[in-house]
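Undergrad: attaching a predicted model along with its sequence, questions to come.
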2 protein chains.
Amino acid sequence: MNAPIVIDSVAALRAQVRDWRQAGLKVAMVPTMGALHDGHISLVRIALEQAERCLVSIFVNPTQFAPTEDLDKYPRQLARDLDQLRGAGAHLAFTPGVSEMYPSGFASKISVGGPSRGLETDFRPSFFDGVATVVAKLFLQAAPDCAVFGEKDYQQLCVVRQLCRDLDLPVEIIGAPTVRDTHGLAMSSRNAYLGEAELDIARKLNLVLRRTAAALSAGADEATATEDAAKALVSAGFQKVDYVAARASVTLGPWQRGHDGRLLAATWLGTTRLIDNVEIPSA
Amino acid sequence: MNAPIVIDSVAALRAQVRDWRQAGLKVAMVPTMGALHDGHISLVRIALEQAERCLVSIFVNPTQFAPTEDLDKYPRQLARDLDQLRGAGAHLAFTPGVSEMYPSGFASKISVGGPSRGLETDFRPSFFDGVATVVAKLFLQAAPDCAVFGEKDYQQLCVVRQLCRDLDLPVEIIGAPTVRDTHGLAMSSRNAYLGEAELDIARKLNLVLRRTAAALSAGADEATATEDAAKALVSAGFQKVDYVAARASVTLGPWQRGHDGRLLAATWLGTTRLIDNVEIPSA
């Protein structure tokens, strides 16, 4: 595979995408914060099934981190990321600096209501404002035909869909299944923070969620089942559970038995916060 | 002149603009709330100097009105508007309904900081969120090359420029000089609310602003000059003055003598709120 073109300015990005479009090529985008793993690579593969050209943005977006969060220690490994993108066949890596994305005087913010309410927002109040604003900017800079987001960040996927619908952003959003290790642990750049003993605990998260989702479909009481799940996570070794919650799968409003649902959770292992989610089968 | 094409759906609008673009035609947009007057028509003329096709949106945007404001009585006169657009040579009138712009479930908002702080925002706290959100939507629906906004709504013009810069909206914003009657009164759809005696008073607004701007350039103390202007407006018959303020002309931050400045005012005549602004000559 050829190495991807690496571009760090919006002007050069627009020129390249314009060239592709004039050549009649469809363009798919995969927005990332780098520290790429097999989950990201699966998004690139899906992008390449949808379009002739795949562009991957790598930008650790400061506006979606709270002052107490891990912005500074978030893993950055551009050379390794570019190697992986070459292997996956991505055509372009867009690697803007902070001042290219947020020049001096930058002062705007996009807030998406609806699916951004509750869950992550209860614990990271500005997170989805930061995500929505940077995703809108990236879409307006790159003007892709479609973009692929992982279901791992399920609430984010719902928020991005709502963003595009509400602001008439002409980008088709494609959700991609979560990639897991053989023990069911969802791939995450933050797994790099975990030691071997913590990884053993982390691998219980998906198991507890799948068991709880099955119990909910089978008729278990929602409040009892989600409280039991939180207790099971603490017993398994998680220090703290931010939430385990059943929600409607598109709006993320209250889940109603018999309708499409999603069971979402956020938990802590030491100073590392892990999230995961599974479908609640409707029968 | 041919009558403009009238389109009320986003899908049809996009199809028409795509056709124009494929034919190599440049497209200029003039966003309005209808009740068109000579000020709007001057924007259409400027648009037609910039581009081969001019599209005018007519949409009384509910999200920029506060519950106490004049949304219901705001003048609506589509047939007359279309006559005027035909006379001016506009090619397309986009006249979406509220449910086309804000379908059920709509939940997003854009907030622009910087120039939106103070002035209008002190009296209409949600106004520029409403403006920024609808302008971003209109731009993303229509995808014009450029858009023309009147300097009459000077703070709005600055906010729209900041919006496009911050969100990478690829639309060139063109500011157009305020059109005035022979007595200096700025054209405004809200002038329709005024009786003859009130019009006589309204015509003093621009006079007071020009006199004050000249005094400021000539070295008058800023606080004294703007307070005197507010008193002069009340003496002239205005019931209330929301603000008379000197600001830097691009950022709308504090004005510094010797730099480009703008003197902006908002006043009340009965239940009608009028705004105007003039340049503060730098020497």
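TA: Nice, thanks for sending it over.
Undergrad: in the stretch 151-283 of chain A, which spans are helices?
TA: A:154-167, A:196-202, A:204-217, A:222-236 (DSSP state H, counting those that start in this stretch).
Undergrad: out of these, nearest to B:D200?
TA: helix A:154-167 (44.3 Å; Cβ to Cβ). Where C-beta positions appear, they are placed from N, C-alpha and C, glycine not excepted.
Undergrad: what lies in contact with that closest one?
TA: A:110, A:112-116, A:119-120, A:128, A:131-132, A:135-136, A:139, A:147, A:149-151, A:169, A:171, A:173, A:175, A:250-252, A:262, A:264, A:277, B:103, B:105-108, B:110, B:133, B:136-137, B:140 (Cβ atoms under 8 Å, 6 or more residues apart in numbering or on different chains).
Undergrad: one more time with 7 Å, if that's ok
TA: Contact with helix A:154-167 is made by A:110, A:112, A:114-116, A:119-120, A:128, A:131-132, A:135-136, A:149, A:151, A:169, A:171, A:173, A:175, A:250, A:252, A:262, A:264, A:277, B:106-108, B:136-137, B:140, as judged by Cβ atoms under 7 Å, 6 or more residues apart in numbering or on different chains.
Undergrad: out of these, which are inside strands?
TA: Secondary structure from DSSP state E places A:110, A:112, A:149, A:173, A:175, A:262, A:264, A:277, B:108 of the contacts of helix A:154-167 in strands.
Undergrad: nearest to A:T226 among the residues you listed?
TA: Using Cβ to Cβ, the ones in strands among the contacts of helix A:154-167 come closest to A:T226 at A:L264, 10.0 Å.
Undergrad: the residue nearest to the closest one when sequence neighbours are not counted - how many residues pack around it?
TA: Using Cβ to Cβ, 6 or more residues apart in numbering or on different chains and skipping the chain neighbours, the partner closest in space to A:L264 is A:N277 (4.2 Å). The tally of other residues near A:N277 (other Cβ atoms under 10 Å in any protein chain shown) stands at 26.
Undergrad: sorry, back to before: out of the ones in strands among the contacts of helix A:154-167, which end up buried?
TA: A:110, A:112, A:149, A:173, A:262, A:264, A:277, B:108 (16 or more other Cβ atoms under 10 Å in any protein chain shown).
Undergrad: any idea how far the third one lies from B:Q77?
TA: Taking Cβ to Cβ, to the nearest Å as the criterion, A:F149 is separated from B:Q77 by 45 Å.
Undergrad: contacts only, for the residue nearest to A:L185 when sequence neighbours are not counted.
TA: Excluding its sequence neighbours, the residue lying closest to A:L185 (Cβ to Cβ, 6+ apart) is A:R203, at 4.7 Å. A:R203 is in contact with A:183-185, counting by Cβ under 7 Å, 6+ apart.
Undergrad: where does chain A dip in pLDDT?
TA: The model of chain A has pLDDT under 70 over residues A:283.
Undergrad: run the last query once more with 80
TA: Across chain A, residues meeting the criterion (pLDDT under 80) sit at A:1, A:283.
Undergrad: now, which of the buried ones among the ones in strands among the contacts of helix A:154-167 sits nearest B:A245?
TA: Distances from B:A245 to those, taken by Cβ to Cβ, are shortest for A:I110, at 28.4 Å.
Undergrad: and A:D200, what does it touch?
TA: Neighbours of A:D200 in contact, by Cβ under 7 Å, 6+ apart: none.
Undergrad: state the distance from the residue most central in space within chain A to A:V131.
TA: For chain A, the residue nearest the mean C-alpha position is A:D153 (3.7 Å; Cα atoms, centre = their mean). The gap separating A:D153 from A:V131 is 9 Å, by Cβ to Cβ.
Undergrad: wait, isn't the residue nearest to A:L264 in contact with A:A266?
TA: No. Look at A:N277 against A:A266 with Cβ atoms under 7 Å: they stay out of range, at 9.5 Å.
Undergrad: burial measure for the nearest residue to A:R117 once chain neighbours are set aside, as a count.
TA: By the measure of Cβ to Cβ, 6+ apart, the closest residue to A:R117 outside its immediate chain neighbours is A:L252, 7.5 Å from it. A:L252: 22 surrounding residues under other Cβ under 10 Å.
Undergrad: likewise A:I174?
TA: Count around A:I174 with other Cβ under 10 Å applied: 17.
Undergrad: so which of the helices of the stretch 151-283 of chain A is the most surrounded?
TA: helix A:154-167 (a mean of 24; mean count of other Cβ atoms under 10 Å in any protein chain shown).
Undergrad: what is the orientation angle of it with helix B:154-167?
TA: In terms of direction (axes from the mean of the first three to the mean of the last three Cα atoms, to 10 degrees), helix A:154-167 departs from helix B:154-167 by 140 degrees.
Undergrad: so which bits of stretch A:274-283 are buried?
TA: A:274-280.
Undergrad: from the chain's centroid, how far away is that stretch?
TA: Taking Cα atoms, centre = their mean, to the nearest Å, one finds stretch A:274-283 lying 15 Å from the centre of the chain it belongs to.
Undergrad: ok, stretch A:105-123 next?
TA: Worked out by Cα atoms, centre = their mean, stretch A:105-123 lies 15 Å from the chain centre.
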